[in-house]
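A.B. asks: Pasted the sequence and its predicted model underneath.
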There are 4 protein chains.
Amino acid sequence: MSKDARSDARNKVRDAAIALFAQKGVKATTIKDIARAAGVSEGALYRHWASKEDLAAALFAAEYTALSHSLREAAGTGSAAERLRRVIAWAFGLVEAAPDRARFLLLSQHDALPLVPALMKDGLETPVDVVCAIVGEGIAEGSIVDADREALAHTVIGAIVLNIQSHVYGRQTAPLGTLADTVADALLRGLSTGKET
Amino acid sequence: MSKDARSDARNKVRDAAIALFAQKGVKATTIKDIARAAGVSEGALYRHWASKEDLAAALFAAEYTALSHSLREAAGTGSAAERLRRVIAWAFGLVEAAPDRARFLLLSQHDALPLVPALMKDGLETPVDVVCAIVGEGIAEGSIVDADREALAHTVIGAIVLNIQSHVYGRQTAPLGTLADTVADALLRGLSTGKET
Amino acid sequence: MSKDARSDARNKVRDAAIALFAQKGVKATTIKDIARAAGVSEGALYRHWASKEDLAAALFAAEYTALSHSLREAAGTGSAAERLRRVIAWAFGLVEAAPDRARFLLLSQHDALPLVPALMKDGLETPVDVVCAIVGEGIAEGSIVDADREALAHTVIGAIVLNIQSHVYGRQTAPLGTLADTVADALLRGLSTGKET
Amino acid sequence: MSKDARSDARNKVRDAAIALFAQKGVKATTIKDIARAAGVSEGALYRHWASKEDLAAALFAAEYTALSHSLREAAGTGSAAERLRRVIAWAFGLVEAAPDRARFLLLSQHDALPLVPALMKDGLETPVDVVCAIVGEGIAEGSIVDADREALAHTVIGAIVLNIQSHVYGRQTAPLGTLADTVADALLRGLSTGKET
DNA sequence: TATGAATGAGCCTTCATTCAT
DNA sequence: CATGAATGAAGGCTCATTCAT
């Protein structure tokens, strides 16, 4: 019970913080904001995280690696093209399933990306790694054009990210489901060799 | 004379602010930082801008629309594919020619993008508009696949932005010149119909 | 049994608190510090003392009156001069025998001395009283010069306290044993009338 | 004028801080207290000192070295005994002339003494040094008994300090002027060899 | 009875903005 | 006009104390 209560506090703070960070950014969100939104005291925060920075970093790291796992899972098996298509679809789906998490990842990038190298030293996998791996395998099996793996991967990721952004910022009003296919079609046409695997 | 002096102060502040915003973000940059770096007094800032927020917004708007002009100019004439290739190359070149401006645009997006709709009401053109226009024309002329214009445009922009980001954050170490071609090849293969115009 | 257990907790807290107060001062020592060092919970402290202030005051009062008893005992019997010499020697010895208690008394003076008048109303004897009494008896018996009793007593006490301080703060490096004699010689030469009692 | 205003602010803060530190100690005095008492804003403090700690340390260092100069001056010339007598008289006089400064030096010792070694590295002279020097010269000229110079000096200083303390805390009610002579008589009788210089 | 998580007032410090000079 | 000292609201964080378990 006390264990649950503790988990509750952590989770309430987690959720409140992600929502606020997603709406206003880390710097513009105050400890008071988070505490009030989570329904806990300000001091309670410091039992679980050492500072606001630490909270933001921990949250970003958790979401970032969770995203990696989800993407890898969503990719499933099959040809690189099929897997990339599923990655794209899943990513677009995330925006509707968990808009706060998506916005948080988008908005906090520049605050938190500097800490990503530290993640990698811990052997953790980033979403970028996941896409890179798929692209790399596609190149190896000959189904994806033989070019700089990172460049192709970032091309895919950029297409995803910017389309999501344009949706989130309200410029793009078409349904995300359709977008996913349009983007995937264009990208995969560009990346594929056309050879069967 | 006094006009020139004022312009000088404005420009010194402009450059100093862009550099600092690019390095630390808007929130983390103080008026004192900017004033010191620009070699002017803190009060002097308020003669030209109403607040730090206003300075950041004005700077972003200026850079954002300047980028639009540059992209349009860089695009030149010819087929949509040729113009997009030039846009990509020019964007990658910006990072090396003016890294502070590039970083500033990248980092300040989320602080400043909410004000972009206001820009558009003023009839100003954004870089996104430029790419959209080119894509739209490509669709019209049949050289680019007939799909959601915004989606294709953001696919191109995302590829540019994320590849630049991966370079700026040190993940991508290949020279930007090569990157530009790799990315352009992949994208244009994906977007083109293959028909001559 | 439960009484013993309680005493144990009390004593553990007492010792831990004195050590910490001696090292960092009362204000800089937290309840958490004390609880951790004593191996008890934070709440447990409030079973024995009403507040941190109360703990510090009670500890100081206890040490202060314990010091009085020790000094009186150490003084033994004989001429005032002999007794003062023994008091000086004993005080210097305390620093080596129980450095934490000595430092605590030194450091907490100014936090706790305001409460000393309260002690005296309770009829408790302070170390100052002990030295005053000896000096007073010396004056009465003619072995100590006839001057303001308090002034002479504080002269003795000051000599003791400052020499200990200079040792504790590392300025004085000579062994405390030698110091005791040097100081006692000088003081007693100054206080004595030279008449046999 | 602006120079005077600035000096005023500094001095107002200085005086207010010394008074408050003297009454409640450094830790118990808040920035708000000082600002209010000095009639300046809280932020103004940070233009002149980096932190409250820094303020306290700077103030202590200034008073401590000022005290050194005053003591050296007050000592004047003549035999070591005469000079020590004047030092004692002057120190007792300080309590009446500037009670806040005296109390501040007394109360802040333990907060600030750890920084004294740093002072000495800067070649600054402490009050202890002044008394040590006089005692040392007395030993050299044969007018003061040949014993540990530091021990004798701290005996003198202790007599001064503790007598002042007993006055400040209200235990000693005799007039300080008389005290000075009583203490000086006793001390000098104890330190002197009796030989003419 | 013991525990230690939770509370929240209050602290030090920062910094955008103002305004007397 | 320019300056930069002064302002003071607001932020992150600490910690003595309480109380549910």
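C.D. replies: Cool, got the structure.
A.B. asks: In chain A, which residue sits closest to DNA strand E?
C.D. replies: Here the residue of chain A nearest DNA strand E is A:Gly43; by Cβ to the nearest atom of the strand that distance is 1.7 Å. C-beta: built from backbone N, CA, C; applies to glycine.
A.B. asks: Quickly find the element holding that residue.
C.D. replies: Following DSSP states H and E, one finds A:Gly43 within helix A:42-48.
A.B. asks: export that helix as CSV, just CAs?
C.D. replies: Listed next in CSV are the C-alpha coordinates belonging to helix A:42-48 (Å, rounded to 0.1, in the frame of the first residue of the first chain):
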residue,chain,number,x,y,z
GLU,A,42,7.0,20.8,-3.8
GLY,A,43,9.3,19.0,-1.4
ALA,A,44,8.0,15.6,-2.4
LEU,A,45,9.6,16.1,-5.8
TYR,A,46,13.0,16.1,-4.3
ARG,A,47,12.5,12.7,-2.7
HIS,A,48,12.5,11.2,-6.1
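A.B. asks: Now the element after that helix, going C-ward?
C.D. replies: helix A:52-75.
A.B. asks: elements contacting that following helix?
C.D. replies: Where contact means 3 or more Cβ pairs under 8 Å, 6 or more residues apart in numbering or on different chains; DSSP states H and E, helix A:52-75 is packed against helix A:2-24, helix A:42-48, helix A:80-97, helix A:99-112, helix A:116-121, helix A:127-141.
A.B. asks: So which of these is nearest D:Arg149?
C.D. replies: helix A:42-48 (51.9 Å; Cβ to Cβ).
A.B. asks: neighbours of the nearest residue to A:Arg10 once chain neighbours are set aside, just the number please.
C.D. replies: Nearest residue to A:Arg10, sequence neighbours excluded (Cβ to Cβ, 6 or more residues apart in numbering or on different chains): A:His48, at 5.4 Å. Close neighbours of A:His48, defined as other Cβ atoms under 10 Å in any protein chain shown, add up to 15.
A.B. asks: Pretty sure A:His48 sits against A:Lys12.
C.D. replies: No. If you go by Cβ atoms under 8 Å, A:His48 and A:Lys12 don't touch, sitting 10.7 Å apart.
A.B. asks: any idea how far B:His167 is from the residue of chain A closest to DNA strand E?
C.D. replies: In this structure, A:Gly43 and B:His167 are 42 Å apart, going by Cβ to Cβ, to the nearest Å.
A.B. asks: again with A:Leu84
C.D. replies: A:Leu84 is 22 Å from B:His167, by Cβ to Cβ.
A.B. asks: Ok, A:Ala75 next?
C.D. replies: In terms of Cβ to Cβ, A:Ala75 sits 25 Å off from B:His167.
A.B. asks: Next: A:Val135.
C.D. replies: In terms of Cβ to Cβ, A:Val135 sits 17 Å off from B:His167.
A.B. asks: which of the two has more neighbours?
C.D. replies: Remark: of A:Val135 and B:His167, A:Val135 carries more neighbours, 27 against 22, as counted by other Cβ under 10 Å.
A.B. asks: contacting residues around that one?
C.D. replies: A:Ala80, A:Leu84, A:Ile144, A:Arg149, A:Leu152, A:Ala153, A:Val156, A:Leu191 (Cβ atoms under 8 Å, 6 or more residues apart in numbering or on different chains).
A.B. asks: try A:Leu20
C.D. replies: By Cβ under 8 Å, 6+ apart, the contact set of A:Leu20 is A:Thr29, A:Asp33, A:Ile34, A:Ala37.
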